[in-house]
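In: Give me a model of this one.
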Amino acid sequence: MRPELSIVIPFLNEEYVLPLLCRRLESVENRPLNWELLFVSDGSTDGSSRFIEAWASKDPSVKLIVLTRNFGHQNAVSAGLSFALGNYVGIMDADLQDEPEILLEMYRTLRKEKVDIVYAVRAARRESRLKRFFYSVFYRLYVYLADTPVQADSGDFCVMTHRAVRLLLSLPEKLRFVRGLRAWTGLASKPFPISRPARAAGRPQYSLPKLTTLAFSGLTSFSTRPLRVGFICGSILCLGALIAALIYLGIALFTEIHFAAPGFSTLVIVLLFSNGLIFLYLGVLGEYIGQTFMEVKARPSFIVERTINLETMHGSDEND
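Out: Purely as a prediction, here's the structure:
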């Protein structure tokens, strides 16, 4: 029998927060009678997987997918989606910053509004001011650069129809940015404003380098506009150099002004600025080349080591 609702919950070393999540999920009211909880262990090395195994042994609706190593949050989400069989599928993090009660509200909204996707929009965050600043900068850049319309401050926390999930999984990208792919489909969607709480326990698994990598992946996966930066900056520098040359030529030909050591500081500043722009643009270009390199190799986005309470293996890639 197909579940009414599947909830995909990726986790990495969350042994302190999973018992709290367990109690919240078991005590939540007005939940569907037939649901499944798909926990995806993204290379956890602590007791997280053992806790879920013990829970799954008592509750067949709790299911575990163990990946062979840490493939990254987005790939872990894709792994969970590839196993989800529900008429509706939700995605939430295990740290209780995505609250199960809110997910069920989004599920009811989805059914009432008859759309394909209801996604959370973070109206407020209980995080450090610096982190909120960087999030704000990223989402504003992402909204400006993306070739398809996207909602600022939207994350992976959402509920989708089975049709939307199948469409997402049919997309061939190996470097997954789920919220971007979700927006790219153009399916009927509805934002759901939330106030995101702080972590319930444990330490964040998304370090600054991981967040930076995810940000670059999102910015370069859905737009070619950064590639135009080189052309624009090069044009401005060339035009500036031409104007400066004409000014100096005019001074030399039509005035009596002579410079003893003309423009040394200016020359150094211009050289540093222009070389900095060159390396910046090479870095942007490198991001696109790197993504092309990873996509061309066509390796699977994840490999499943074992599952609990799942009858058959769906394969090692989200497209199976």
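
In: all helices of the protein, in order?
Out: 18-27, 48-58, 73-83, 100-113, 129-145, 162-170, 178-184, 208-221, 228-254, 264-297 (DSSP state H).

In: Those: which one's closest to residue 41?
Out: helix 48-58 (4.6 Å; Cβ to Cβ). All C-beta atoms are positioned from the backbone trio N, CA, C, and that covers glycine.

In: domain ranges for the chain?
Out: 5-223+300-308, 225-297 (automatic domain parsing).

In: so where's the stretch 51-200 of the chain shaky on pLDDT?
Out: In the predicted model, the stretch 51-200 of the chain carries pLDDT under 70 at residues 124-128, 130-132, 134-135, 138-139, 142-152, 198-200.

In: if you set the cut-off to 90 instead, what comes out?
Out: Scanning the stretch 51-200 of the chain for pLDDT under 90 picks out 72, 114, 122-155, 172-181, 183-184, 195-200.

In: circling back: including mean neighbour count, could the domains of the chain go into TSV?
Out: Shown next, in TSV, are the domains of the chain (neighbours: other Cβ atoms under 10 Å):
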stretch	mean neighbour count
domain 5-223+300-308	18
domain 225-297	11
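
In: Distance check, the residue sitting furthest away from the middle of the chain against residue 247.
Out: Here the chain reaches farthest from its C-alpha mean at residue 256, the gap being 61.6 Å by Cα atoms, centre = their mean. Distance of residue 256 to residue 247, given as Cβ to Cβ, to the nearest Å: 16 Å.

In: Next: residue 119.
Out: 54 Å.

In: on that earlier part again, list just the one of the helices of the chain that sits closest to residue 306.
Out: Comparing the helices of the chain by Cβ to Cβ, helix 48-58 comes nearest, at 9.6 Å.

In: chain center to the closest one, what's the gap?
Out: 27 Å (Cα atoms, centre = their mean, to the nearest Å).

In: what packs against that helix?
Out: helix 18-27, strand 35-41, strand 62-67, strand 304-308 (3 or more Cβ pairs under 8 Å, 6 or more residues apart in numbering; DSSP states H and E).

In: Please find the angle between the direction vectors of it and strand 62-67.
Out: Angle of helix 48-58 versus strand 62-67, following axes from the mean of the first three to the mean of the last three Cα atoms, to 10 degrees, is 150 degrees.

In: Helix 48-58 vs helix 18-27, what angle?
Out: Using the same axes, to 10 degrees: helix 48-58 against helix 18-27 is 30 degrees.

In: Give me the pLDDT for residue 288.
Out: Residue 288 carries a pLDDT value of 81.

In: now the helices and strands packed on helix 48-58 in a markdown table, with distance to residue 297?
Out: Converted to a markdown table, the helices and strands packed on helix 48-58 look like this (distance: least, Cβ to Cβ, whole Å):
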| stretch | distance to residue 297 |
| --- | --- |
| helix 18-27 | 34 |
| strand 35-41 | 23 |
| strand 62-67 | 19 |
| strand 304-308 | 19 |
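
In: And the contacts of stretch 92-105?
Out: Identification of contacts with stretch 92-105 by Cβ atoms under 8 Å, 6 or more residues apart in numbering yields 7-11, 14, 17-18, 20-21, 24-25, 28, 30-31, 39, 90, 120, 155-157, 159, 192, 194, 196-202, 204.

In: One more pass at 7 Å, please.
Out: Under the contact criterion Cβ atoms under 7 Å, 6 or more residues apart in numbering, stretch 92-105 has outside partners 7, 9, 11, 14, 17-18, 20-21, 24-25, 28, 30-31, 90, 120, 157, 159, 194, 196-197, 199-200, 202.
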